[in-house]
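A.B. asks: Sequence first, then the predicted structure:
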Amino acid sequence: MRGEKILLGILVIFFSLLMGPSLCIGKEASLTLIYTSNNLGEVEPCGTCPDGGDNGGLPRRSHYLKTVKEEVKNLLVLDAGDALVVSYFSEPRGREQARRRAEFVLKLYETLGYHALNIGDTDLGLGVGYLKGLQKKSTIPFLSANLREKKTGKPVFKPYLIKEVEGIKIGILGLVTADISPPIQKELKNYFIENPVKAAVETIRSLTSSCDHLILLAHLTRVEIESFVREVQSISIIIGGNDRSFVFPKQVGRSLYVQTDAFGIHVGRLNLNLLKGSYEFADILSRRLIQNKIEEIQEKIENPKHAKDMKGLKELQDILTEQKKKIPGSEGKNTYENYLVLMHPGMKSDLEIQRMIDSSRDLLKRALP
């Protein structure tokens, strides 16, 4: 009997060791990443913004985020910088109005459920000391790996954040451009902006051993990003924002690079499946859209109503099938689907966010830059 118990114990330990890693260590994770940048303090549709029309607004963004939360299991909401203020204000009255507005915008971002906010160059015009005060009161971590104190050389804000999704650890790193306008540069008396590549290399060194994938919130110029990807090869996703224009998904070095426009007109959405140990990305949206079209055509082929169009339908189906074959496979790669979602007038709005805005009109007054 004792021998049987010992044997049973050995077997339990053996199977625990055998099965433990496969049960506890995630090898892949599905994640929906919502990304924005250059909101520039806008809370409602900006009719005077370039190409703004009646698009944009945080009430619409909030409602959209709520629908996404209902659809997906894992959600990460990030901002790549310049969320809080439209421009630099040197006059005391204009700066005070901008600060009050920025504080309110940050409260709205908290209500929307942002997980991290990168500090942009225009944000710095509010004053680094003021931003430090905002951070103490906010539930959203401010990120910046290269904004540092002159005396100590230490980062002013958290350089990075780590999130774990289904066993996959994701590091989120923030950088701000070193190309600062002279008026804002004067605000950095006790601070300095370190070269983004140098700061990133130092920070990433401590992240690569503990993270499976790294996301960079890059409020950098295109030149800085090009320099960055030549020197740093371990970033999975770069979310840009400095030049306020779209970047449709493209591979730069080993990184997937995306970016939205300004004033909250669009919201970026990446549906991701991340693999542990994989550094390649495959776009599966085009393959899925083509497959959907092939299936639609097949339904018509099987419907007698379309008998007279049979030849054309089959030819089109063959063309689409050949196009699908030319799309690179996704085996062993991280996959993504990217959407740029327009916050248009036909969308529903979050009434709670709208009420917060309506009751705070005095806070939202601001001088023109």
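C.D. replies: Good, I have the coordinates.
A.B. asks: rest of the way, CA atoms for contacts and neighbours
C.D. replies: OK.
A.B. asks: Just the CA atoms of stretch 304-319, as CSV, please.
C.D. replies: Output in CSV follows, covering the C-alpha atoms of stretch 304-319 (Å, rounded to 0.1, in the frame of the first residue of the first chain):
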residue,chain,number,x,y,z
PRO,A,304,-30.9,30.2,-59.9
LYS,A,305,-31.8,33.9,-60.0
HIS,A,306,-28.3,34.6,-61.1
ALA,A,307,-28.0,31.9,-63.8
LYS,A,308,-27.5,34.4,-66.6
ASP,A,309,-24.6,35.9,-64.8
MET,A,310,-22.9,32.5,-64.1
LYS,A,311,-19.9,33.0,-66.4
GLY,A,312,-19.0,36.4,-65.1
LEU,A,313,-19.5,35.4,-61.5
LYS,A,314,-17.2,32.4,-61.8
GLU,A,315,-14.5,34.4,-63.6
LEU,A,316,-14.6,37.0,-60.8
GLN,A,317,-14.4,34.2,-58.2
ASP,A,318,-11.4,32.8,-59.9
ILE,A,319,-9.7,36.2,-60.0
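A.B. asks: who's in contact with stretch 115-135?
C.D. replies: 76-89, 95, 98-99, 103, 140-144, 156-157, 174-177, 180, 184, 187-188, 217, 219, 242 (CA atoms under 8 Å, 6 or more residues apart in numbering).
A.B. asks: Go again with 6 Å.
C.D. replies: Stretch 115-135 is contacted from outside by 77-82, 85, 88, 140-143, 174, 176, 184, 219, using CA atoms under 6 Å, 6 or more residues apart in numbering.
A.B. asks: least confident pick among those residues?
C.D. replies: Lowest pLDDT of these: Y88, 90.
A.B. asks: Double-check that that residue belongs to a strand.
C.D. replies: No: Y88 is assigned coil when assessed by DSSP: H, G, I helix; E, B strand; the rest coil, not a strand.
A.B. asks: tally of neighbours for it?
C.D. replies: Using other CA atoms under 10 Å, the number of residues around Y88 comes to 20.
A.B. asks: pLDDT wise, what is the nearest residue to it once chain neighbours are set aside at?
C.D. replies: Spatial nearest neighbour of Y88, chain neighbours left out: G125 (5.1 Å); criterion: CA to CA, 6 or more residues apart in numbering. For G125, the model assigns a pLDDT of 95.
A.B. asks: I239 is in contact with L256, correct?
C.D. replies: No: taking CA atoms under 6 Å as the definition, L256 is not a contact partner of I239, at 8.5 Å.
A.B. asks: Quick check on the two: which one has the bigger neighbour count.
C.D. replies: More crowded of L256 and I239, by other CA under 10 Å: I239, with 26 against 21.
A.B. asks: returning to that earlier point: just the closest of the contacts of stretch 115-135 to T208, please.
C.D. replies: Distance to T208 across the contacts of stretch 115-135 (CA to CA) is lowest for G174, with 15.3 Å.
A.B. asks: Got the phi and psi for that closest one?
C.D. replies: Dihedral angles phi and psi of G174 (degrees, to the nearest 10) take the values phi -110, psi 140.
A.B. asks: isn't it right up against L217?
C.D. replies: Yes: checked against CA under 6 Å, the pair G174 and L217 is within contact range at 4.8 Å.
A.B. asks: got a list of contacts for stretch 257-273?
C.D. replies: Under the contact criterion CA under 6 Å, 6+ apart, stretch 257-273 has outside partners 29-36, 38-40, 42, 55-56, 237-240, 244-250, 334-343.
A.B. asks: Show me which of those residues are buried.
C.D. replies: Buried subset of those (neighbour count, 16 or more other CA atoms under 10 Å): 29-36, 38-40, 42, 55-56, 237-240, 244, 246, 249, 334-340, 342-343.
A.B. asks: So which of those are in strands?
C.D. replies: Counted as lying in strands by DSSP state E, out of these, are 29-36, 237-240, 249, 334-340, 342.
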